[in-house]
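Q: how would this look folded up:
(chains A and B)
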Amino acid sequence: MSDINSNIPEGDLTSKWTKYKSSVPLVNPSNKRTIEVIIVGSGLAGASAAATLAEMGYKVKCFCFQDSPRRAHSIAAQGGINAAKNYQNDGDSIYRLFYDTIKGGDYRAREANVHRLAEVSANIIDQCVAQGVPLAREYGGLLDNRSFGGTQVQRTFYAAGQTGQQLLLGAYSALERQIGMGKVEMFTRHEMLEVVKIDGKARGIIARNLITGEIERHFGHAVVLGTGGYGNVFYLSTNAMGSNVTAAWKAHKQGAYFANPCYTQIHPTCIPVSGDHQSKLTLMSESLRNDGRIWVPKKKDDNRKASEIPEDERDYYLERRYPAFGNLVPRDVASRAAKERCDAGYGVGASKLAVYLDFKANTERYGKIEAAKAGNHNPDKETCMRLGTAVIKEKYGNLFDMYAQITGENPYETPMRIYPAVHYTMGGLWVDYNLMTSVPGLYCTGEANFSDHGANRLGASALMQGLADGYFVLPYTIGAYLSKEISTKAIPTDHPAFVEAEVRAVGILNTLINIKGTKSVDHFHKRLGNIMWEKCGMARNEKGLNEAIQEIRALREEFWKDVRVPGAANELNPELEKAGRVADFIELGELMCIDALNRNESCGGHFREEYQTEEGEALRDDENYAYVAAWEFKEGVNFELHKEELKFENIKVAQRSYK
Amino acid sequence: MSTGNMNLTLKVWRQKNNNTKGALVDYKLSGISPDMSFLEMFDVLNEDLINKGEEPVVFDHDCREGICGMCSMFINGRPHGPKDLVTTCQLHMRSFNDGDTIVVEPWRAAAFPVVKDLTVDRSAFDRVIAAGGFISVNTGNAQDANNLPIPKMQADAAFEAAACIGCGACVATCKNASAMLFVSAKISQLALLPQGQPERYRRVQSMVAQMDAEGFGNCTNTGACEAECPKGISLENIARMNRDFATSKFISEETV
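A: Numbering: from 1, shown residues only, chains lettered A, B, ... in the order given. Alright, predicted model coming up:
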């Protein structure tokens, strides 16, 4: 049933990648020096690709909208990065990481891509350590690991609660090294506004210098987008304020298919909304579920303080429903379970939209171990709590501090209140095995593509995928394309295609400035977010999605008539930047609802209320929906569906169970 | 739109661009909630300004969870405001009182020119890193990570130095606008690890040279940088950098 070709190499799953690497065409060093590659985005997926391609000898131009490549939102990833190292001797292997990822993604990811990801995962850790990334170690000097959701082994490497920061700074250092050598030209505070296509191939971009407002044309033999996810379509999410879909969306409008847009990850452990002034939501790392137990009161509308609710009146609902995985079920399962309890009236806190994450039991347990180490085999409770708190502080100190700072409560004394929030988007630009989109010469890496996580991403897999794509996959696969471009001379940017793309970009900017309406960009963004959260959020249904599509269309019309963008286009103007991004989010929001409506099943992060088991679990329809939905943009704002069939030849597809 | 009841007077630095003169402008705000972050309070101000047809205040911010290092306001004479160990985005209005007057300025340093309002140009930091803040290792066949055991204390110390977010508060608060804390944090991280040894002395020389070329001032050991650093980066790093720098001068050109 596929009408698109994913270009997966033939042969046995476990040797595909090795064989491919050995047979992919190469570009000789002197040709590399004349081949230019544009990388948009400087997060894990962008910076690692830019640095590696430059090391290989290509001429690289890298763009980011922040003031430095080090600010990319990968920096905020807390918990860790998975790798099939089996350092803990707990039976881990490439196959198990592959299996866990396919299963965690609810059987909606491509086997070949995921296996490749598992294969290169170990190289990532080696590379990062060689760069001087200070990952956590044990007293013996070897690397430490912890557990994450959806797995039964300890394969997560980490650096306190700042793993993303340390990995990104590693990639940033590698990138800066190439910048210092003149092999990468870096454009900070630049936003990509258009992809330039010549004879059907991506040949460059139009970018706006955000300081001066100047519009620039840049040629590249190939263009790579590592521009992150689109969670901010919900307005409130754990993404950075500037995270946006614009680069991916402009590529979509130039012919790149957008795959599985409705697959959204709602992360179960975030700090709840405190009021309508809220501008973003803050994640409390999944690693906390190693030591935190999640519960709500057994009694409805229980207004007692957490400490006043006795043990037998607490419902540890994850441990009750999923005894095998307990508090470490995958994110989609944990989020829905929290929503189910709160909707049923068992929520806690002023808003009743929260559950407790409680460290008391494990604090006491750690305290007991510490006391025993010091020779005290019969410690009293107070001693246990004192010693245990020190252990918890060492493991999660920065997260506890952050919680205290935001809520004004002390999480060492009272349980954290948490609630699910939008965190990651599994959908993204469709790419083939080579990470090339449906536009030749246009590549997409990291969260911006759709490829490896299926319908739900497991914790600590985003960092793995971003760096796998940038360090170990794209630098090889792009050679297959560039080896055919060695005789293509740099195309002058006065080519009509550049002029035309610039006219499109400038047209949008001028329109936005000249509407001079009555409502701010944020006003529209919040309304869009509200529609998306209510009708295309943790649970979706046909009626709601149909309503959402109509509401979003009406909102789009109103936006283009009534948005107010102060200031001018030829200066630093954050409102203008936001306006362009929100315009794209509105169109994307509609596509997400269309995709969610098309998918008459529940899988991973996509939960259609009509399709659930008697126990309220996601009910897949493998017969009719085991495909990637890749949408093509059509004139106006219309979308045509293409299907890529997913074949599972190495894993038995089953109902996902964590019980 | 907000649910609180705090009334504030803000004195905010407004400057159209680097070629024009700036000035403090007064704004009255009401209905501020103590649960808002400082930047959310600025969102309220900007929404008011937009609704009144005025230009909103431009300020840098992105992750709003204290890690990207982009936010950078000088609040009542202190970078990132009155609380220790937090960035502006993690500063909440419960740290202020109803009726307060709050002065908000951009980072001020010759090496950080103002771009607009509260936004400054910190690209000098990137150039210092590009001069040597890395280990020269290409992507490829690095050895197995556990082949290089590193004592936990040493790895932890390197991590503590590596926790720097590059916000520039150290420069902004220093009377000499010195970047020694920032530069020494990167130098320390790599000097504490075995992977960083081969380039240790070359690195300190080239990064210090670039730091000087960018126009940052000298260090006179006042310690304001450490006191104001939102990530608690220690002055010990500066001592380590000075020691390495001095050592590098005793090593012959060839070995550096």
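
Q: State the distance from the residue nearest the centre of chain B to chain A.
A: For chain B, the residue sitting closest to the mean C-alpha position, by Cα atoms, centre = their mean, is B:Cys167 at 1.9 Å. Note on B:Cys167: its distance to chain A, by Cβ to the nearest Cβ, to the nearest Å, is 10 Å. (Each C-beta comes from the backbone N, C-alpha and C, glycine too.)

Q: Surely that residue is in a strand?
A: No. Read with DSSP: H, G, I helix; E, B strand; the rest coil, B:Cys167 is coil and lies in no strand.

Q: need the contact list for it.
A: B:Gly69, B:Met70, B:Cys71, B:Ser72, B:Pro79, B:His80, B:Thr87, B:Pro230 (Cβ atoms under 8 Å, 6 or more residues apart in numbering or on different chains).

Q: count of residues packed around A:Leu509?
A: Other residues near A:Leu509 number 22, with proximity taken as other Cβ atoms under 10 Å in any protein chain shown.

Q: quick one on the thing from earlier: B:Arg240 versus the residue nearest to the centre of chain B, what's the distance?
A: From B:Cys167 across to B:Arg240, the span is 21 Å (Cβ to Cβ, to the nearest Å).

Q: Over to A:Glu308?
A: Relative to B:Arg240, and taking Cβ to Cβ, A:Glu308 is found at 51 Å.

Q: picking that back up, mind telling me the two of the contacts of B:Cys167 farthest from one another?
A: B:Met70 and B:Pro79 (13.4 Å; Cβ to Cβ).

Q: neighbour-wise, which of A:Glu308 and B:Arg240 wins?
A: B:Arg240 (20 against 9).

Q: distance of that one from B:Leu85?
A: From B:Arg240 to B:Leu85 the distance is 22 Å (Cβ to Cβ).

Q: Ok, A:Val431 next?
A: 42 Å.

Q: Run through the strands of the stretch 301-450 of chain A in chain order.
A: A:314-315, A:355-358, A:416-425, A:428-429, A:442-444 (DSSP state E, counting those that start in this stretch).

Q: Which one of these lies nearest to A:Pro475?
A: strand A:442-444 (10.8 Å).

Q: which element follows the closest one toward the C-terminus?
A: Next in sequence after strand A:442-444, counting helices and strands by DSSP states H and E, comes helix A:462-467.

Q: Need the residues that contact that following helix.
A: Against helix A:462-467 from outside (Cβ under 8 Å, 6+ apart): A:43-45, A:48, A:74, A:77, A:80-83, A:117, A:121, A:124, A:127-128, A:163-164, A:167, A:171, A:226, A:424, A:445-447, A:451-453.

Q: Considering only those, which also neighbour chain B?
A: A:Ser48, A:Gln127, A:Cys128 (Cβ under 8 Å from any Cβ of the partner chain).

Q: Does anything pack onto the helix or strand containing A:Gln178? Which helices or strands?
A: Using DSSP H and E, the element containing A:Gln178 is helix A:163-180. Helices and strands touching helix A:163-180, by 3 or more Cβ pairs under 8 Å, 6 or more residues apart in numbering or on different chains; DSSP states H and E, are helix A:44-56, helix A:111-130, strand A:184-187, helix A:462-467, helix B:123-130, helix B:152-162.

Q: still on that earlier bit, mind putting the strands of the stretch 301-450 of chain A into a markdown table with mean pLDDT and distance to B:Glu40?
A: Formatted as a markdown table, the strands of the stretch 301-450 of chain A follow (pLDDT from 0 to 100; distance: least, Cβ to Cβ, whole Å):
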| stretch | mean pLDDT | distance to B:Glu40 |
| --- | --- | --- |
| strand A:314-315 | 97 | 34 |
| strand A:355-358 | 97 | 24 |
| strand A:416-425 | 96 | 16 |
| strand A:428-429 | 98 | 29 |
| strand A:442-444 | 98 | 33 |
